[in-house]
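Colleague: Can you look at this prediction? I've put the sequence above it.
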Amino acid sequence: MHVQQFRGSEIVDVSRMFQILVHCQEKQVPIIGLVMNDRGFISRVLCPKFGGYLTFGSLEKGKESAPAQPTVADLINVYNIRQIGPDTKVFGIIGKPVGHSKSPILHNEAFRSVGLNAVYVPFLVDDLAKFLHTYSSPDFAGFSCTIPHKEDAVRCCDEVDPIARDIGAVNTIIRKPNGNLVGYNTDYVGAISAIEDGIRATQSTRSTTSPLAGRLFVVIGAGGAGKALAYGAKEKGARVVIANRTFARAQELGNLIGGPALTLAELENYHPEEGMILANTTAIGMHPNTNDTPLSKQALKSYAVVFDAVYTPKETRLLREAAECGATVVSGLEMFIRQAEGQFEHFTGMPAPDSLMRDIVLTKT
C-alpha cells in the first residue's frame, strides 16, 4: 500500500494527484492519495473515480483529523461516494468562498432521484481560466459559477447564450461533447420570477403585466448577480437604479442598463418615492457576518418589497428588519431553488424535480 499526500496551493494542483492515482491503478499499485487543504477537498470525494484505494472521513463534524476532511455521513449521504467510479460524471460549484454553498446537497440528491451517475462537488477556485484549462476532460461535464467568477466566466466560455452575454455574467457552464464550454445565466429568471411571485402573493396587481412594470427597482451590487437582476428588472419594465460601494462599478452598470448610479452611502438618504423595490445582490450579511446589512432599518421604510440574494442564513438581518418595517420580503432561497432548477435542466437535459428540490432546500439545508 502506497500513501501519497501533499498540500496544494491551488485547486489545479489536485489534478497532479489524480494523475498519480490513475498511473498507480494502471500499474496495479494500491494507493491512497489526498491533498490536504480546502482546495484539496475534491481529492477526498473524487478519489474513487481515479482509482484511489480509500479516503478518510471524520466520525462527526468538529472531530476532523486533517483540514477540509468531510464527515463519513457526508461522504455517504451527500456525495454518494460508494457509487462513484470511473464513468461518474463530475459537476460542481466554482466559487471563492464556496464552503457555505448548499448546492452539493441539492444537486446530488436530485441526480440520485433520476438515476444519473454523477457527483456534484465544491470547487474552491482562485483562477477560473486556469481551472477550466486544467480540468478539461469530458468527465468534468458542467459547473455552477458563483462569486467572484460570474463575469470572468463570460470570457472563459467558447460560446455564451445571448441573454447571458447581454447580462455580462454566466452562472452555468456546460461542456459539450466536442469540449467547447457554453455559458448560460439562470440567475435572472430565478430571481425576477421569485420577486414577481412574492409581490403577487401579497399585493394586488394586474395579472396581465409584470408587477415590476413602472416600479422603481434599486439593485445593490454591480457584480454578476447585480447585472442579472438589473437586466431582468429592466426587461420587465422597471426603472432600475444601481447602488454599489464603489461608485465607478455602479456607474458602469447604470450606463449599461440606462439607469442612475449611487454609492451605498448615498442610498441611505435616497427615497424619491414610496413603494420602491430593493434587491441586495452582494454578500453583505452572509454567514458568518450575519449582523451586517447593506442598508439601515430607517432607510428600509421607503421600500414596499425587499429581496436578498443571500440565503445563509435563511433570514438575513436585511430581511428581518424589512419585514419589521412592513415590507414584503423575498428570500434568496427562492432564487437559489429556481436558478438551481435551471442549472439541473442544462446539466441533465431533463425537467427539474421541483417538489423534491424544494423539499431538500427547506428541510436539509
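Modeller: Thanks, I have it.

Colleague: Break down the stretch 151-300 of the chain into its strands, ranges please.
Modeller: For the stretch 151-300 of the chain, the strands defined by DSSP state E, counting those that start in this stretch cover 159-160, 172-175, 181-184, 216-220, 239-244, 261-263, 276-280.

Colleague: In JSON lines: those, plus mean neighbour count and mean pLDDT.
Modeller: Glycine gets a C-beta too; all of them are placed from N, C-alpha and C. Conversion of the strands of the stretch 151-300 of the chain to JSON lines gives the following (neighbours: other CB atoms under 10 Å; pLDDT from 0 to 100):
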{"stretch": "strand 159-160", "mean neighbour count": "18", "mean pLDDT": "98"}
{"stretch": "strand 172-175", "mean neighbour count": "24", "mean pLDDT": "98"}
{"stretch": "strand 181-184", "mean neighbour count": "21", "mean pLDDT": "98"}
{"stretch": "strand 216-220", "mean neighbour count": "27", "mean pLDDT": "98"}
{"stretch": "strand 239-244", "mean neighbour count": "25", "mean pLDDT": "98"}
{"stretch": "strand 261-263", "mean neighbour count": "18", "mean pLDDT": "97"}
{"stretch": "strand 276-280", "mean neighbour count": "26", "mean pLDDT": "98"}
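
Colleague: most centrally placed residue in the chain?
Modeller: residue 146 (4.2 Å; CA atoms, centre = their mean).

Colleague: so what's it up against?
Modeller: Residue 146 is in contact with 93-95, 98, 101, 171, counting by CB atoms under 8 Å, 6 or more residues apart in numbering.

Colleague: got the strands of the stretch 151-300 of the chain as a markdown table, with distance to residue 254 columns?
Modeller: Output for the strands of the stretch 151-300 of the chain, formatted as a markdown table (distance: least, CB to CB, whole Å):
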| stretch | distance to residue 254 |
| --- | --- |
| strand 159-160 | 23 |
| strand 172-175 | 26 |
| strand 181-184 | 24 |
| strand 216-220 | 10 |
| strand 239-244 | 5 |
| strand 261-263 | 4 |
| strand 276-280 | 15 |
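
Colleague: Run through the helices of the stretch 251-365 of the chain in chain order.
Modeller: Remark: helices assigned in the stretch 251-365 of the chain by DSSP state H, counting those that start in this stretch are 264-267, 297-300, 317-324, 332-348, 354-364.

Colleague: Could you look over these and pick the most buried one?
Modeller: helix 332-348 (a mean of 23; mean count of other CB atoms under 10 Å).

Colleague: Tell me how many other residues crowd the residue nearest to residue 338 when sequence neighbours are not counted.
Modeller: Leaving out its chain neighbours, the residue that sits closest to residue 338 by CB to CB, 6 or more residues apart in numbering is residue 190, at 3.5 Å. Using other CB atoms under 10 Å, residue 190 has 25 other residues around it.

Colleague: Could you list the low-confidence segments of the chain?
Modeller: Filtered on pLDDT under 70, the chain yields the residue ranges 1-8, 205-206, 365.

Colleague: What is the burial count for residue 281?
Modeller: By the criterion of other CB under 10 Å, residue 281 has 28 neighbours.

Colleague: So what does it have for phi and psi?
Modeller: Here the main-chain torsion angles of residue 281 (degrees, to the nearest 10) amount to phi -120, psi 10.

Colleague: And residue 89, by the same measure?
Modeller: Residue 89 adopts backbone torsions of phi -80, psi 140, taken as degrees, to the nearest 10.

Colleague: sorry, back to before: quick one: which of the helices of the stretch 251-365 of the chain is nearest residue 283?
Modeller: helix 332-348 (10.8 Å; CB to CB).

Colleague: Next, the contact list for residue 211, please.
Modeller: If you count contacts by CB under 8 Å, 6+ apart, residue 211 has them with 196, 199-200, 203, 205.

Colleague: Next step: those residues restricted to helices.
Modeller: Judged by DSSP state H, helices contain the following of those: 196, 199-200.

Colleague: Which member of the residues you listed is positioned nearest residue 12?
Modeller: residue 196 (40.7 Å).

Colleague: who's in contact with that closest one?
Modeller: With contact taken as CB under 8 Å, 6+ apart, residue 196 is in contact with 210-212, 236.

Colleague: Could you single out the nearest of the residues you listed to residue 118?
Modeller: Nearest to residue 118 among the contacts of residue 196: residue 236, at 34.4 Å, using CB to CB.

Colleague: Just confirm that closest one contacts residue 199, I think it does.
Modeller: No - the criterion here is CB atoms under 8 Å, and residue 236 misses it with residue 199 at 11.0 Å.

Colleague: Identify the residue spatially nearest to residue 107, adjacent ones excluded.
Modeller: Nearest to residue 107 is residue 120, by CB to CB, 6+ apart, at 3.9 Å.

Colleague: Residue 34 - that's part of a strand, no?
Modeller: Yes - counting by DSSP: H, G, I helix; E, B strand; the rest coil, residue 34 is found in a strand.

Colleague: Now do the closest residue to residue 194 other than its chain neighbours against residue 361, distance only.
Modeller: Nearest-residue entry for residue 194: residue 334, 3.9 Å, with adjacent residues in sequence omitted and distances by CB to CB, 6+ apart. In this structure, residue 334 and residue 361 are 9 Å apart, going by CB to CB, to the nearest Å.
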